[in-house]
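1. Structure for the following, please:
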Amino acid sequence: MRFLESDELDDPILSVVNLVDLFLVVIAVLMIVILRNPLNPFSTDKVVVVERPGEADMRITVKEGEELTRYEASGEIGEGQGVRAGVTYRLPDGRMIYVPE
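-> The predicted model follows:
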């Protein structure tokens, strides 16, 4: 009887089963990380991600449905033609309000 018990403890397939369980947990964690990412490929929401705001090398990524658009700052001051469209006010609580003219 002792020989049968020692064979079960030394069975290499038990180690493989433990590795499979470990990989399943790792895959589950990776799926959760992917789903919580704002640029998740499975969502259809409109998302804007700003990297390094206010810096000279700031990047803005806009996701509309399945389309990604990336804008990169060149560090130069922009120029152009246009007219004033309105005024923006910052409230004490940090919210911004745009008032068209």
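
2. can I see the domain layout of the protein?
-> 1-36, 43-77 (automatic domain parsing).

3. tell me how far the first one is from the chain's mean position?
-> Its chain's C-alpha centre lies 30 Å from the corresponding centre of domain 1-36 when counted by CA atoms, centre = their mean, to the nearest Å.

4. With distance to Arg84 and mean pLDDT added, can I get the domains of the chain in a markdown table?
-> (Each C-beta comes from the backbone N, C-alpha and C, glycine too.) Shown next, in a markdown table, are these (distance: least, CB to CB, whole Å; pLDDT from 0 to 100):
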| stretch | distance to Arg84 | mean pLDDT |
| --- | --- | --- |
| domain 1-36 | 40 | 78 |
| domain 43-77 | 18 | 83 |
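
5. Can I take it that Ser15 is in a helix?
-> Yes. Judged by DSSP: H, G, I helix; E, B strand; the rest coil, Ser15 forms part of a helix.

6. ranges for the helices of this structure?
-> 2-9, 12-36 (DSSP state H).

7. Of those, flag the one that's most buried.
-> helix 12-36 (a mean of 10; mean count of other CB atoms under 10 Å).

8. quick one: the most centrally placed residue in the chain and Tyr98, what's the gap?
-> The structure's the chain has its C-alpha centroid closest to Asn37; by CA atoms, centre = their mean the separation is 2.9 Å. Between Asn37 and Tyr98 the computed distance is 29 Å (CB to CB, to the nearest Å).

9. How about Gly80?
-> Distance from Gly80 to Tyr98, by CB to CB: 19 Å.

10. about what we covered before: could the domains of the chain go into JSON lines alongside distance to Val87?
-> Shown next, in JSON lines, are the domains of the chain (distance: least, CB to CB, whole Å):
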{"stretch": "domain 1-36", "distance to Val87": "37"}
{"stretch": "domain 43-77", "distance to Val87": "21"}
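
11. Out of those, flag the one nearest Asp93.
-> For these, proximity to Asp93 was assessed by CB to CB; domain 43-77 is nearest, at 19.1 Å.

12. Sort out which residues of the closest one are buried, please.
-> For domain 43-77, the neighbour count (16 or more other CB atoms under 10 Å) marks 61, 63 as buried.
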